[in-house]
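Chemist: make a model of this:
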Amino acid sequence: NVMDAKGAQAVEQLIQDAEQDLSQVDELKSDPKLLRMAQEKQKDIVEMNKFRKEFEKLQQDKKTMEQALRKAEQDVVQMRLRLMERDSAMAMAGKRVKAFEVKLEEEVKEATKRVADAEK
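Modeler: Prediction:
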């Protein structure tokens, strides 16, 4: 997803920027205020790494759910095809039963006529 990629890229850029800023900490150790700011930035990096890991986990979860959804959709299509096949088979069986009933009715009529003719 484009938004997921942009979000991941933005987080990665923030982390790289923060790490680059921390490389200057050695020069700043003499200034307590700047050192405190660098330590805060280091805490922020840890938080950003946690966020990135959570983001990556959520991305993976989303991917897994999308795959499961596609599989379920395929299963539904297969079930519908099987239902259509059953409906078709039932319709054919119904036509055969109807044809057999018509044939039996004709045979009964013929037999009844023959019996009536024989009685005359």
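Chemist: and the host helix or strand of residue 82, how far out from the chain's middle?
Modeler: Under the criterion of DSSP states H and E, residue 82 resides in helix 32-119. Centroid separation between helix 32-119 and its chain, computed with Cα atoms, centre = their mean, to the nearest Å, is 11 Å.
Chemist: would you mind measuring from the residue nearest the centre of the chain to residue 60?
Modeler: The centre of the chain sits closest to residue 69, judged by Cα atoms, centre = their mean, with a distance of 1.7 Å. Residue 69 is 15 Å from residue 60, where distance means Cβ to Cβ, to the nearest Å. Where C-beta positions appear, they are placed from N, C-alpha and C, glycine not excepted.
Chemist: which non-adjacent residue is nearest residue 59?
Modeler: residue 4 (5.5 Å; Cβ to Cβ, 6 or more residues apart in numbering).
Chemist: host element of that neighbour?
Modeler: helix 2-22.
Chemist: where does the residue nearest to the centre of the chain land on pLDDT?
Modeler: With respect to pLDDT, residue 69 has a value of 97.
Chemist: and residue 97, by the same measure?
Modeler: You'll see residue 97 listed with a pLDDT of 95.
Chemist: for it, give me its contacts.
Modeler: The contact partners of residue 97, by Cβ atoms under 8 Å, 6 or more residues apart in numbering, come to none.
Chemist: that one and residue 117, how far apart?
Modeler: From residue 97 to residue 117 the distance is 30 Å (Cβ to Cβ).
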